[in-house]
Structures are given as structure tokens and as C-alpha cells.
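Asks: Return atomic coordinates for the entry below.
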Amino acid sequence: ELERIPEKVKEALKSDELIQEIAAKYKDAPNCLYLGRGYNFPVALEGALKLKEISYIHAEGYPAAEMKHGPIALIDEQMPVVVIATKKGHYEKVVSNIQEIKSRKGKIIGIVTKGDEEVRDLADYVIEVPETIESLTPLLTTIPLQLLSYHIAVLLGKNVDQPRNLAKSVTVE
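Replies: Numbering: from 1, shown residues only. Okay, the predicted model is just below:
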């Protein structure tokens, strides 16, 4: 499966036009929440980090399993929530999280396995990634999150090559 990842990355990149449309829609959002479970929780953290560091929009990554412990209080019709909901691991629990977000009028951007209809019916936007084994999903789910941050930052006129206040140096002791 690892040998098929490069072709799957190329397939995931085909969503760029849709991601540009999503970026245009949410570029002025003051806050954004990213949710993921299992292998995709660190991807949610990275997605939020990238949005913060290049667009200067407040974003938080949070484990989907802990959504009821704080972030759910912030969800409203103004807040986009990016949910990584691949058909692996705890899929049904993530769908339940999406239903809760929807009931609070949150704007849902789902990162899903290609062909997923359940999340498509709930989300405002769905970005598909090819199916792979669970441990490799982060290699694919990271792509749309990085592109979303990039396009939002460009639309806002930010210099994505030199983000402000970001130290990219390594200190050697």
C-alpha cells in the first residue's frame, strides 16, 4: 500500500479547485476548529497550526472525542469546522460529532474517503481523499488541509513564504 501512496497523493491534489472555492467562502472567518480522531488527530492539529501561521486566523485542533469538553460551546453559524472523517477507525463516532456540529449550525468541511455519502449529506463541503490503510491516512488527509491554509492566506494577501513572527531556525547546543 505504501508504494501506491504517490499515485494517491496525485489523486488527492485533484481537489485543488474545490479547495480554492472553500477558501474563498471561509477566508474571512475569525476562527476555525479542526477535529480528528486516532491517526488523524495530529493531522487536525497540523491543519490548525498551518492556518494560524500563514493566514493569522485563530484556529484550534482538537480531538473529536473531546469535542464536548469545550469546543462545542464555540460552534455557531460563523465557525467553519474541518472534520477529518475517513472510513477507518472510529468513523461512526466522527459522524456523530458531525451531526452535533450540524445541530449547532456549524459550517462543516469534511475530509472524507472517496465515495463517502453519509458525511456528504451532512457537510457543507466535502473533500475526498483516496482510500488507504488507516495508518497511512495522514499522508493523504494532510494535503487538503495544507492547500486550504495556503489558498486562504493567498486570498488574504499574506506572504506564505515569509510568515510574520515565525522562527524557522534550529538552535544547536
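Asks: and the closest residue to residue 55 other than its chain neighbours, how many neighbours?
Replies: Nearest in space to residue 55, with sequence neighbours left out and distances taken as C-beta to C-beta, 6 or more residues apart in numbering, is residue 153 at 4.1 Å. (Glycine included, C-beta is placed from N, CA and C.) Residues lying near residue 153 (other C-beta atoms under 10 Å) number 22.
Asks: what secondary structure does residue 153 sit in?
Replies: In three-state terms, and counting by DSSP: H, G, I helix; E, B strand; the rest coil, residue 153 is helix.
Asks: again with the one 10 residues further on
Replies: Assigned with three-state DSSP, residue 163 falls in the coil class.
Asks: Just give me the neighbour total for it.
Replies: There are 16 residues near residue 163, going by other C-beta under 10 Å.
Asks: where does it fall, phi/psi-wise?
Replies: The phi and psi values for residue 163, taken as degrees, to the nearest 10, are phi -60, psi 150.
Asks: just residue 78 next, same as before
Replies: phi -90, psi -10.
Asks: Surely it is in contact with residue 30?
Replies: Yes. Contact criterion C-beta atoms under 8 Å: residue 78 and residue 30 qualify, at 7.4 Å.
Asks: When these two are compared, which one has more neighbours?
Replies: residue 78 (14 against 8).
Asks: who's in contact with the more buried one?
Replies: 29, 30, 31, 107 (C-beta atoms under 8 Å, 6 or more residues apart in numbering).
Asks: Of these, which pair is most distant in space?
Replies: The largest separation in these, counting by C-beta to C-beta, is between 30 and 107 at 12.7 Å.
Asks: returning to that earlier point: just to be sure, which of the contacts of residue 78 are found in strands?
Replies: 31, 107 (DSSP state E).
Asks: Using neighbour counts, give me the buried entries of the contacts of residue 78.
Replies: Buried by 16 or more other C-beta atoms under 10 Å: 29, 107, out of the contacts of residue 78.
Asks: Next, format the contacts of residue 78 as a markdown table and append distance to residue 71 and pLDDT.
Replies: Shown next, in a markdown table, are the contacts of residue 78 (distance: C-beta to C-beta, whole Å; pLDDT from 0 to 100):
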| residue | distance to residue 71 | pLDDT |
| --- | --- | --- |
| 29 | 15 | 96 |
| 30 | 15 | 93 |
| 31 | 10 | 94 |
| 107 | 14 | 95 |
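Asks: Nearest to residue 4 among the contacts of residue 78?
Replies: Residue 4 has its nearest neighbour among the contacts of residue 78 in residue 107, at 32.9 Å by C-beta to C-beta.
Asks: In contact with the nearest residue to the closest one once chain neighbours are set aside, which residues?
Replies: In this structure, residue 107 finds its nearest non-sequential neighbour in residue 80, 4.5 Å apart by C-beta to C-beta, 6+ apart. The contact partners of residue 80, taken as C-beta under 8 Å, 6+ apart, are 26, 29, 32, 33, 106, 107, 108, 109.
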